[in-house]
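Chemist: Output the structure for:
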Amino acid sequence: MREHKERNRLQGKVVAITGGARGIGAATAAVFAKANAKVVIGDIDRVAAGKTAAAIGAGVKALALDVADSSSFSTFLDEVQAQHGPLDVLINNAGIMPLSRAAEEPGTTTARIIAVNLQGVIHGCKQALLRMKPRGSGHIVNVASIAAKVPFPGAATYAASKAGVVAYSDALRAELRGSGIDVSCVLPGIIDTELATGIAVRGFDPIAPDEVARTLLDVVEHPRFEVFVPRQAGIVLKATSLGGRRLSEVLQRALHADTPMLEAIGTPQRANYEKRARQRPSEQMRTQQKENP
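Modeler: Numbering: from 1, shown residues only. Next comes the predicted model:
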């Protein structure tokens, strides 16, 4: 009975999800559609997004979106509202994680990570606020990462981008206090998606995208700012922080949690993902046209 009531909270709500073609975004679209929301997914891979939307059904729509381009984000949200009405929820999920040792990371890759992971979130927040502020209601959920709190060697720029997402979200939340607009930040651990291909943390199994999707749904139904997936990760991080940086680093080394990204750099398992993640939008479009003539 309670589950039915919770789902009614999202009945007819307009929800836009970035990076919706695969992984967490696709799982989140399915969960929100099941909760009777009007879901639109955006992705730079329009073909894959269309296939995902068709597979989910339930009226889910797919649109092209380059989150690194503010005008593309504006067009995306305009189309969302044209199809379904005023935007209620924006989930900034799109993100990439090419791995490199810091000194060896090409400048183009560094710029691309920041453009998608951080600037993309900022573009989304700004564009959503332009549409939510006049109505005095809405909810922005930004997907960060546990790497924002525990940066992994081999993914320095990724960690920096996600730490930026948390800081930006926190400041924005304070700025919007009393406006009727909620801001939340969800921080997942290693997820069983293409982004984490070839990364293995000893003693820890990757988290299913569905678990993150259910957390995102719960955050929208019960707004709060910072949520970890799994929840225990947040408890552990808070506990270890009491012992200071040295204890945290000792535990990381003891659990071999300081090497997974480094060990995954250049492995064959990550080759396809790395190539696609590092591509610029124009290159991705050419690749899509070749694969889907």
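Chemist: Quick one: the strands in the stretch 151-293 of the chain, in order.
Modeler: Ranges of strands within the stretch 151-293 of the chain are 181-188, 226-229, based on DSSP state E, counting those that start in this stretch.
Chemist: What are the contacting residues of the last one?
Modeler: It stands for strand 226-229. 146, 166, 184-189, 207, 211-212, 215, 219, 234, 237 (Cβ atoms under 8 Å, 6 or more residues apart in numbering). Placement of C-beta: from N, CA and C, glycine included.
Chemist: which residues sit in contact with the residue nearest the centre of the chain?
Modeler: By Cα atoms, centre = their mean, the chain has its centre lying nearest to Asn93, at 2.4 Å. Taking Cβ under 8 Å, 6+ apart, we find Asn93 in contact with 17-20, 24-25, 28, 143.
Chemist: Those residues: which two are farthest apart?
Modeler: Gly20 and Val143 (11.7 Å; Cβ to Cβ).
Chemist: the more surrounded of those two?
Modeler: Between Gly20 and Val143, counted using other Cβ atoms under 10 Å, Gly20 has the larger neighbour count: 33 against 28.
Chemist: If you count contacts, what does the one helix or strand Ala62 maps to end up packed against?
Modeler: Here Ala62, judged by DSSP states H and E, is contained in strand 61-64. Applying 3 or more Cβ pairs under 8 Å, 6 or more residues apart in numbering; DSSP states H and E, one finds that strand 61-64 contacts strand 38-43, helix 46-56, helix 70-84.
Chemist: average pLDDT for that strand?
Modeler: For strand 61-64, the mean pLDDT works out to 98.
Chemist: That one pairs with which strands, and in what direction?
Modeler: Paired neighbours of strand 61-64 in the sheet (DSSP bridges): strand 38-43 (parallel).
Chemist: What lies in contact with the partner strand?
Modeler: Contacts for strand 38-43 (Cβ under 8 Å, 6+ apart): 12-22, 25-26, 29, 32-33, 49, 52-53, 56, 58-65, 67, 76, 79-80, 83-85, 94.
Chemist: do the same with stretch 95-104
Modeler: The contact list for stretch 95-104, computed with Cβ under 8 Å, 6+ apart, reads 19, 105-106, 109, 112-113, 116-117, 120, 143, 145, 153-158, 161-162, 195-196, 261-262, 264-265, 270, 274, 277-278.
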